[in-house]
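> take this sequence and fold it.
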Amino acid sequence: MRLHMKNLAFFLLICSSAVIAQSPEVRTKHYNTKRNLGIQGYDPVSYFQSGPEQGDDEITAEYKGIKYYFVSTANKDLFKANPEKYEPEYGGWCAYALGETGEKVKVDPETYKILDGKLYLFYNFWGTNTLKSWNKDESKLKSEGDKNWAKIID
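Prediction:
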């Protein structure tokens, strides 16, 4: 019984950490936003359809402190039904940079990849497209990016 209670206490500690990490305060502090607007106004659902489209500032939804624009109410409804599916990984920061150095680096919202049903964004400016570098060592970079992002939002 004593071991069971220790396991339960550990489980509850882990669960409470995850809830704290996803608080609006943590998200607005660490996510790549401008005035709490995610993906520079691009519709997060559009990435999973025909590709990134700039959303309409009249069609919005907020999820845990981050606001998103949508091209249609249908996309907004899809997002509201499952926001975790559509939000970009690593808070919308460059996936390559998070995996390579653990740094939060700006992105070009039109340079992206859907991997395992998740949206990853990349830096693509001044002749440097980090998506190309990501593709060369994706498995390692994703693993490191996951660890680095967990440290940031913890």
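> after the lowest-mean-pLDDT helix or strand in the chain, next one along is what?
Counting by mean pLDDT, DSSP states H and E, the chain has its least confident helix or strand at helix 2-21, which shows a mean of 41. Per DSSP states H and E, helix 2-21 leads on to helix 24-30 as the next helix or strand towards the C-terminus.
> roughly how far is that next one from the heart of the chain?
Helix 24-30 has its C-alpha centroid displaced from the chain centroid by 12 Å (CA atoms, centre = their mean, to the nearest Å).
> and the end-to-end length of stretch 27-39?
Taking CA to CA, to the nearest Å, stretch 27-39 runs 14 Å from one end to the other.
> swap in stretch 121-133?
13 Å.
> what's in contact with that stretch?
By CB atoms under 8 Å, 6 or more residues apart in numbering, the surrounding residues in contact with stretch 121-133 are 32, 39, 88, 90, 92-97, 100, 105-113, 134. All C-beta atoms are positioned from the backbone trio N, CA, C, and that covers glycine.
> mind listing which of those are in strands?
Secondary structure from DSSP state E places 108, 109, 110, 111, 112, 113 of the contacts of stretch 121-133 in strands.
> what subset of those is buried?
Buried residues within those, counting neighbours by 16 or more other CB atoms under 10 Å: 108, 109, 111, 112, 113.
> out of these, the closest to residue 81 would be?
Proximity of these to residue 81 was ranked by CB to CB; the top entry is residue 112 with 21.5 Å.
> got phi/psi on residue 121?
In terms of degrees, to the nearest 10, the main-chain angles of residue 121 are phi -110, psi 160.
> where does pLDDT dip in the chain?
Residues of the chain that meet the criterion pLDDT under 70 lie in 1-22.
> quickly list the domain ranges of it.
Each domain of the chain is listed here as a residue range: 32-87, 89-154, per automatic domain parsing.
> now the ones you listed as JSON lines including distance to residue 24?
Listed next are those as JSON lines, based on distance: least, CB to CB, whole Å:
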{"stretch": "domain 32-87", "distance to residue 24": "3"}
{"stretch": "domain 89-154", "distance to residue 24": "12"}
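> residue 104 contacts residue 32, doesn't it?
Yes - Residue 104 lies in contact with residue 32 (CB atoms under 8 Å); the separation is 6.9 Å.
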